[in-house]
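Chemist: predicted model and sequence follow; I will ask about them next.
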Amino acid sequence: MNTQGANVGDASEPGRHNALTRRSFVRNTAVGAVVVLGTSAISIPGASAATRPQCAALVSGGPMWVTADCDDPTYSQPVIDSETDLTTPVPHRKVSGHFDGTDKKFNLYLPPKGQWRGRFFHKVYPLTDENAADQDIAFGADSGAYVVQANGGTGYRVDAAAAKFSRTYAAKYYGTSRKIYGYVWGGSGGSFQTIGAIENTQGVWDGAVPFIPGTPYSIPSSFTVRALARLVLRDKAPRIADAVRPGGSGRPFASLNSVERAMLRETTAFGVPLRAWEDYEYVLGVSSPDGLLGFAAVLRTMDPAYADDFWSNPGYLGTEKSALGDVVRGARIDLLTTVQKVERDAQNTPTSMVLASAPTQQDTTGLDFTVYAGDGTAVIGTLTASLDPATRVVTLASGNDAKVLDALDTGVRLRLDNRWTIAFRAYHRYQVPTRPGFYPWDQYRGPDGKPLYPQRALQVGPLISKSTSGGGTHTGKITGKVIVVGNLADVDACPWPGDWYRARVKEALGAQYGDDFRLWYSDNADHLEGPVTGARAAQIIEFTGILQQALRDLSAWVEKGVEPARTTAYDVADSQITVPEHATARRGIQPVVHLTADGTDRIEVTAGTPVTFRARIEVPPGAGRVVHTEWDFAGTGGFTVKPFGPPRQTVEIRQTFTYTEPGTYFPVLKATAQREGDTATPFAQVANLGRVRVVVR
């Protein structure tokens, strides 16, 4: 479309650029609206805008109920800012716009008419902008879908408005009056939005793929339980990691003392996968400034009295007479010291300082740095900084208050205090859900079902969940077909929320549950979306291809009635999710790789001795064929493709390798399946790993 009224259905000139200036008035583009662009207009048949109702909550105080024929009062005026025909990453038309009177923007990415198959894919995430990834645009086009993306922030309302407008535009652009199907997908925080979208709208999206989902109590508890474990298990974590690695003892509790065993049991019963301890630094949040991803600062605003109660009131770990209480109190830092030296930059702004003394505790993350005037009784302010206790050097972060920085000088008093950070690590104990079904918290209940510890008046998790999802969600009352994808090595959301939400949907839908819902678990996949590089690639797969196949299977399910793979078979014990060993029994769509070294999962050889690896790769029935096999004999993430013959459902491989240098190696075989057995396509490639241990003397 251009300002001279060109045919909007013509996508034959993918390199042409149409620069459109923004028009100050664009009427609502729901059914019956008119989109005004220069001298051309798109007329949409249907009821007039004046007769359409405004979207509203079904119950007072509830989330907004959005339908295909209501107008969101905040996002009722989409404005097209530009339309551009592009050739990369694939030929498509990019339509950029915003909602009048807001800062919310959206983009549509429409493939040529001959490639489109009547659907769109719509990815959501709280922190995303309106620019879709090239990979998603290309995948959409390859799947016959245009792509929608908005900078929606939290909730689903902006995305719902963008989705509805996209149908208006696409109907004219492609010259169709047929139904346009839409599918929303998102992971982590985006799973909250996706579930909010499919539970609180009707006729906006036809299906959803929430992945790596959480529950209304996941934040901050999924992080605090691991941060508490960090206090107790940091020194023993390498031993735990070795026990759960391939060829390990399988006894992660061995060599732990009583308080350490209790802490590992608590963390495991909370759903943190035992297998994930292989990457123990990530499990324990070692690389995070406070081990809590900044959630401690959020809590200080929401529950300001908590730390005082933790360190003074009975029932809290800060006062508890126990071995764990002793560990917690031993980690407390409360040190008053003085500044010996201040380093400044060219503008005379302090950048670091040396202290007269430093804490003796090993873990100094999450410290408060309070600056005092005079005799140390008057507070000037606080600093954002980090401490190296070995050198006593405090490195100042950017953005500190100028008044506090100006006060820094030799002899100034400084208090180092981690009372909030330490207290927050146990917060999940005082947040036992009032609703049933959250089984990781059962360990904090007595035989009578009542909480063992004091409970905070404020339940923080549901408040955070509600703000992210856009209102009351996780009811299980889905309005379209849903495929949930959970990952078995996920420590941020953990695998169990998939099972929890499955139960919610089953309760809500009853007999219809099997017709509208699937849960697939992915093996050897964690919480981090996107390419996996470096040493992690020898332990974890990229799960993008699984999500892509889920979207394709979802669209076939909705549009043609083709049922997708059945829900993954799994067991739940002590909040741990386990799956069957073989692909046929496990189900889902992921191949299973059985790898041995000389017939076992651990072998010891002398340098120069050939090691024979044997593998059997199984693809679940109907899930495709193996198309690629790659070997990494060093276990460092550097893979080499090895041909195995034509694509097929079951592959058996024999490979010999000789290690010339002593060491402990974790060789890995990565196998990739593709539904059509397409060896060339980059899309919907579903991978898994097989690993063993080789000790070379």
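Modeler: Good, I have the coordinates. This structure is a prediction, so every number in the text was calculated from the model and none was measured.
Chemist: only C-alpha atoms for contact and neighbour calcs from this point on.
Modeler: OK.
Chemist: low-confidence ranges in this structure?
Modeler: 1-50, 289-291, 376 (pLDDT under 70).
Chemist: ok, now which ones touch the residue nearest in space to the middle of it?
Modeler: Nearest residue to the geometric centre of the chain (Cα atoms, centre = their mean): S188, 3.0 Å. Neighbouring residues of S188 by Cα atoms under 8 Å, 6 or more residues apart in numbering: Y125, F211, I212, P213, G214, A493, H527.
Chemist: what about the second one, distance to Y125?
Modeler: Summarising the geometry, the distance separating F211 from Y125, computed by Cα to Cα, to the nearest Å, is 11 Å.
Chemist: find residues that contact each of those two.
Modeler: Counting by Cα under 8 Å, 6+ apart, the residues touching both F211 and Y125 are G186, G187, S188, S191.
Chemist: most neighbours among those, which one is it?
Modeler: Tallying neighbours with other Cα atoms under 10 Å puts S191 at the head of the shared contacts of F211 and Y125, with 28 neighbours.
Chemist: the stretch 401-550 of the chain: strands as residue ranges?
Modeler: In the stretch 401-550 of the chain, the strands defined using DSSP state E, counting those that start in this stretch lie at 413-417, 481-487, 517-522.
Chemist: do you know which of those lies nearest N200?
Modeler: strand 481-487 (13.6 Å; Cα to Cα).
Chemist: quick one, the closest one and strand 517-522 angle?
Modeler: The directions of strand 481-487 and strand 517-522 differ by 20 degrees, with axes from the mean of the first three to the mean of the last three Cα atoms, to 10 degrees as the criterion.
Chemist: packing partners of strand 481-487?
Modeler: strand 207-211, helix 496-509, helix 513-516, strand 517-522, helix 544-560 (3 or more Cα pairs under 8 Å, 6 or more residues apart in numbering; DSSP states H and E).
Chemist: report the distance from stretch 679-691 to the chain centre.
Modeler: Distance, stretch centre to chain centre, for stretch 679-691: 21 Å (Cα atoms, centre = their mean, to the nearest Å).
Chemist: what does it contact?
Modeler: Counting by Cα under 8 Å, 6+ apart, 139, 246, 523-524, 539-549, 589-596, 601, 627-628, 647, 666-675 sit against stretch 679-691.
Chemist: go with 6 Å
Modeler: The contact list for stretch 679-691 (Cα atoms under 6 Å, 6 or more residues apart in numbering) reads 545-546, 548-549, 593-595, 627, 667-674.
Chemist: for the residue nearest to D388 when sequence neighbours are not counted, grab phi and psi.
Modeler: The spatially closest residue to D388, leaving aside those adjacent along the chain, is V394, at 6.5 Å (Cα to Cα, 6 or more residues apart in numbering). Backbone torsions for V394, taken as degrees, to the nearest 10, come to phi -100, psi 120.
Chemist: could you count how many residues lie near V394?
Modeler: Neighbours of V394 (other Cα under 10 Å): 21.
Chemist: try A680
Modeler: Residues near A680, counting by other Cα under 10 Å, number 9.
Chemist: quick one, phi psi at it?
Modeler: Main-chain dihedrals, A680, degrees, to the nearest 10: phi -100, psi -30.
Chemist: next SSE after the strand ranked longest in the chain?
Modeler: Taking DSSP state E as the criterion, the chain has its longest strand at strand 334-344. Downstream of strand 334-344, the first helix or strand assigned by DSSP states H and E is strand 350-355.
Chemist: look up how far S357 lies from the residue nearest to D388.
Modeler: Distance from V394 to S357, by Cα to Cα: 11 Å.
Chemist: just G476 next, same as before
Modeler: 55 Å.
Chemist: same check, this time on G62
Modeler: 54 Å.
Chemist: please identify which of these two sits among more neighbours.
Modeler: S357 (17 against 14).
Chemist: returning to what we had before: now do the longest strand of the chain: everything it contacts.
Modeler: Here strand 334-344 has contacts from 350-356, 410-417, using Cα under 6 Å, 6+ apart.
Chemist: buried members of those into ChimeraX, please.
Modeler: Selecting the buried subset of the contacts of strand 334-344 in ChimeraX, with 16 or more other Cα atoms under 10 Å as the burial test, is done by:
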select :350,351,352,353,354,355,356,412,413,414,415,416,417
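Chemist: in TSV: the shared contacts of F211 and Y125, plus distance to A297 and secondary structure.
Modeler: Shown next, in TSV, are the shared contacts of F211 and Y125 (distance: Cα to Cα, whole Å; DSSP: H, G, I helix; E, B strand; the rest coil):
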residue	distance to A297	secondary structure
G186	26	strand
G187	24	strand
S188	20	coil
S191	24	helix
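Chemist: count of neighbours near A556?
Modeler: Residues near A556, counting by other Cα under 10 Å, number 14.
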